[in-house]
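Novice: Sequence first, then the predicted structure, then my questions.
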Amino acid sequence: DLQAPVLTCPADITVTTGAGLCTRVVTFANPTVADNCGGQHVTLTADVPSGSTFALGQTTVTFTGIDVQGNVATCVFHVTVQDSEAPLMPCPGDITASTDFGVCGGT
């Protein structure tokens, strides 16, 4: 058997962060696997496992499948984490200032 298995990765995933967070835990399914030697086992590994914490931005996830004959195949998909939370900008409290007698302004 000289033919590599065929891996079909999950579709790209886009998620948003939770309130106050800059990361997100993302789970995903393994790719579907087909091998020309039907009953043989294909070992799958992912460079970023399902259930990992992903940072803001796009991360490429690569799956590698190796059949019992040592034939290798890969597939990739992307996990994109977006921050949809508006920034918080605390304002100072009101300021009351007095001027010197006879002066109509202050600094």
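Specialist: Nice, thanks for sending it over.
Novice: Distance-wise, check Val61 relative to His78.
Specialist: Using Cβ to Cβ, to the nearest Å, we find Val61 at a distance of 7 Å from His78. C-beta coordinates here come from the backbone N, C-alpha and C atoms, glycine included.
Novice: more crowded one of the two?
Specialist: Using other Cβ atoms under 10 Å, the more surrounded residue of Val61 and His78 is Val61, with 23 against 13.
Novice: can I assume the more buried one is in contact with Thr74?
Specialist: No. Assessed by Cβ atoms under 8 Å, Val61 is found out of contact with Thr74, at 10.7 Å.
Novice: can you pull out the strands in this structure?
Specialist: 6-8, 13-16, 23-26, 32-34, 42-46, 52-55, 57-67, 72-82 (DSSP state E).
Novice: and Pro31, how many neighbours does it have?
Specialist: Here the count is done by other Cβ under 10 Å, and Pro31 has 23 residues near it.
Novice: same question, Val81
Specialist: 21.
Novice: again, but for Gln69
Specialist: Gln69 has 14 neighbouring residues, counting by other Cβ under 10 Å.
Novice: do Thr27 as well
Specialist: Residues lying near Thr27 (other Cβ under 10 Å) number 9.
Novice: Report the separation between it and Ala73.
Specialist: From Thr27 over to Ala73 the distance is 23 Å, taken as Cβ to Cβ.
Novice: what do you get for Ala11?
Specialist: Counting by Cβ to Cβ, the gap from Ala11 to Ala73 is 18 Å.
Novice: So which of those two has more stuff around it?
Specialist: Applying other Cβ under 10 Å to Ala11 and Ala73 shows that Ala73 carries more neighbours, namely 20 against 9.
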